[in-house]
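Asks: Quick one: sequence plus predicted model below, questions after.
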Amino acid sequence: MPSATIVWLRNDLRLADNPALHHAAADGVVVPVFVWAPEEEGEWPPGAASRWWLHRSLHALDARLRERGSRLIVRQGASLPELTRLVAETGARGVAWNRRYEPAAIERDRVVKAGLAEARSHLGSLLHEPWTIRTGTGGPFRVFTPFRNAVARFGEPSAALPEPPHLSAPGSWPASIPIDQLGLAPIRAWHSGLAAQWTPGEAAASRSLQEFQERVSGYQHDRDHPARDTSHLSAPLHFGELSPRQVWHAVRQADPAAAEPYLRQLIWREFAHHLLYHFPHTPASPLRAAYDRMPWREDEVALSAWQRGETGYPLVDAGMRQLWSSGWMHNRARMVTASFLTKHLLIDWRRGAAWFWDTLVDADLANNTLGWQWVAGSGADAAPYHRIFNPVLQAERYDHEGRYQERWLGGRPRALPIVEHADARARALAAYAAVRNSGE
């Protein structure tokens, strides 16, 4: 049997523009493998909504592989032992994968690479490696605009790699467990809203990208209005059903003049991964050390009201109910709801990050960390501490017809506000001022 390459798939569940798969296919026989090892994700194994998406995306990937004469081999257990066994079972020349940048994933990849005789990793989930973008003194960036300017000096991303038209199969396939055996699908039937909203998989992601190409000209205006459509590409990008290069070039081609606001969001995604790579402690600790002294409140009743969408502020509650029902929330609503938790309620941003992690289908450690620290004022390029979103004014400005609030609140009774805006704002300003006065 010709020597094979094992392609270890993780958050790159696609055939097109998949460097590890592309180069392995050019070399000969390919054995695509997914290893379910949530214990190797450190403190951040996939949450419930992410597991739902992953379950369906794996099925979709297996179907696409079978159309090309291949299949997805699924294993469960520690990655290095499973990959080592697969090398022995297939006689593979080595293992290839596309790099990940979360702290636990970096450590796992280091261990795997050291334990295999032949291993090769590729850039596949970002436009640029996090270590290639440097300040003038050679360090990491902490402010977005200089980071974006540094990225611009690299020019346009290279072209996306084509999808392999055919994948050479081994003479005999190694053993594989059923995807359903991984226990990713929800046991309780809470996920009907997710199924109504989303179709995971590369084919559906490509359709979403095509649909966004048709409306990209309105993105700059629509992106701030939660009742209007945005790209809906965050989950496909997180799971690697689309690559950022594919998205970049498709949006640029659709409307070069109108593309910039969205391409800026792709660079913001790069910035999030840049920060996570260089400051791996930030999912659990503030980047700005002074905010370790923030007098966060322990208020489980208020936290529960926020989670259920019962704060008494319609825009906040609509956002939180959209999240629970669909596994997603418009970015404007994300900012308003996060600001409400951290500033109106003075509840630790890490409590909110954990809730988003479990309920978002696009839960991404880099983006989630940057977003919450930005709102809380404790991270890189953070919002000014005195910026406290007024949820009533935000609703009047960005949902003045009430369509978003009506969709997600309907005729359900509105709770009384659990806190008055003026009082909450004054309390937050005093707390933040005390932290700032204590010094970094």
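Replies: Perfect, I can see it now.
Asks: Skipping its backbone neighbours, what lies nearest residue 375 in space?
Replies: Spatial nearest neighbour of residue 375, excluding adjacent residues (Cβ to Cβ, 6 or more residues apart in numbering): residue 338 at 4.2 Å. (Glycine included, C-beta is placed from N, CA and C.)
Asks: Figure out the helix or strand that that neighbour lives in.
Replies: Using DSSP states H and E, residue 338 falls within helix 331-339.
Asks: quick one: that helix to chain centroid distance?
Replies: Chain-centre distance of helix 331-339: 16 Å, with Cα atoms, centre = their mean, to the nearest Å.
Asks: Now do whichever helix or strand comes after it: everything it contacts.
Replies: Sequence order places helix 349-359 as the next helix or strand after helix 331-339, per DSSP H and E. Contact partners of helix 349-359, identified using Cβ atoms under 8 Å, 6 or more residues apart in numbering, comprise 44, 47-49, 283-284, 303, 306-307, 323-324, 327, 334, 337-338, 341-342, 363, 365, 368-369, 372-373, 375-376, 378.
Asks: Swap in 7 Å and give it another go.
Replies: For helix 349-359, contacts defined as Cβ atoms under 7 Å, 6 or more residues apart in numbering pick out 44, 47-49, 303, 307, 323-324, 327, 338, 341-342, 363, 368-369, 372-373, 375-376, 378.
Asks: didn't residue 372 look like it was pressed against residue 337?
Replies: No. Taking contacts as Cβ atoms under 7 Å, residue 372 lies outside contact range of residue 337: 10.8 Å.
Asks: Looking at these two, which is more packed in?
Replies: residue 337 (29 against 26; other Cβ atoms under 10 Å).
Asks: which non-adjacent residue is nearest the more buried one?
Replies: Nearest residue to residue 337, sequence neighbours excluded (Cβ to Cβ, 6+ apart): residue 319, at 4.5 Å.
Asks: helices or strands up against the host helix or strand of that neighbour?
Replies: With secondary structure defined by DSSP H and E, residue 319 is part of helix 314-326. In terms of contacts (3 or more Cβ pairs under 7 Å, 6 or more residues apart in numbering; DSSP states H and E), helix 314-326 is packed against helix 192-197, helix 331-339, helix 391-398, helix 403-409.
Asks: Quick check: chain neighbours aside, which residue is closest to the most centrally placed residue in the chain?
Replies: Against the mean C-alpha coordinate of the chain, by Cα atoms, centre = their mean, the closest residue is residue 364 at 2.7 Å. In space, and not counting its chain neighbours, residue 364 is closest to residue 238: 4.6 Å by Cβ to Cβ, 6+ apart.
Asks: Tell me who's in contact with that neighbour.
Replies: Counted by Cβ under 7 Å, 6+ apart, residue 238 has contacts 11, 362, 364.
Asks: where's the first one relative to residue 287, distance?
Replies: Relative to residue 287, residue 11 is positioned 24 Å away (criterion: Cβ to Cβ, to the nearest Å).
Asks: what's the answer for the last one, then?
Replies: Shown here: residue 364 relative to residue 287, a distance of 17 Å by Cβ to Cβ.
Asks: quick revisit: these two touch, right, the residue nearest to residue 375 and residue 370?
Replies: No. Applying Cβ under 7 Å as the test, residue 338 and residue 370 come out as separate, 11.6 Å apart.
Asks: Identify the contacts common to the two.
Replies: Applying Cβ under 7 Å, 6+ apart, one finds that no residue jointly contacts residue 338 and residue 370.
Asks: Centre of the chain to stretch 51-69, how far?
Replies: Put simply, stretch 51-69 sits 19 Å off its chain's centre (Cα atoms, centre = their mean).
Asks: What are the contacting residues of that stretch?
Replies: So stretch 51-69 is contacted by 13, 15, 32, 34, 46, 71-72, 166-167, 169, 179, 184-186, 191, 194, 200-203, 235, 239, 241, 361 (Cβ under 7 Å, 6+ apart).
Asks: The residues you listed, buried ones only, as a PyMOL selection?
Replies: In PyMOL, a selection of the buried entries from the contacts of stretch 51-69 looks like this (16 or more other Cβ atoms under 10 Å):
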select buried, resi 13+15+32+34+46+71+72+167+169+179+184+191+194+200+201+202+235+239+241+361
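Asks: taking the contacts of stretch 51-69 one by one, which sit in strands?
Replies: Using DSSP state E, 32, 34 are the members of those that sit in strands.
Asks: where do the helices sit along the stretch 101-250 of the chain?
Replies: Chain-ordered helices for the stretch 101-250 of the chain, with DSSP state H, counting those that start in this stretch as the definition, fall at 103-115, 144-152, 192-197, 202-215, 219-222, 234-238, 244-254.
Asks: Residue 7 is nearest to which of the ones you listed?
Replies: Smallest distance to residue 7 across those (Cβ to Cβ): 13.5 Å, for helix 103-115.
Asks: picking that back up, make TSV from the helices of the stretch 101-250 of the chain and add distance to residue 57 to it.
Replies: Formatted as TSV, those follow (distance: least, Cβ to Cβ, whole Å):
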stretch	distance to residue 57
helix 103-115	18
helix 144-152	28
helix 192-197	12
helix 202-215	8
helix 219-222	25
helix 234-238	9
helix 244-254	16
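Asks: ok, residue 111 touching residue 79?
Replies: No. With contact defined as Cβ under 7 Å, residue 111 does not reach residue 79; the gap is 8.1 Å.
Asks: coming back round to it: nearest to residue 406, out of the contacts of residue 238: which one, please.
Replies: Closest to residue 406, out of all of the contacts of residue 238 and judged by Cβ to Cβ, is residue 362, at 24.5 Å.
Asks: Quick one: neighbours of the closest one, just the number.
Replies: Residue 362, neighbours per other Cβ under 10 Å, totals 22.
Asks: Mean neighbour count, the helices and strands packed on helix 314-326: which tops it?
Replies: The highest mean neighbour count among the helices and strands packed on helix 314-326, using mean count of other Cβ atoms under 10 Å, belongs to helix 331-339: a mean of 23.
Asks: From the contact counts, what lies against it?
Replies: helix 314-326, helix 365-376, helix 391-398.
Asks: so for the helix holding residue 319, what's the average pLDDT?
Replies: What helix 314-326 shows for mean pLDDT is 97.
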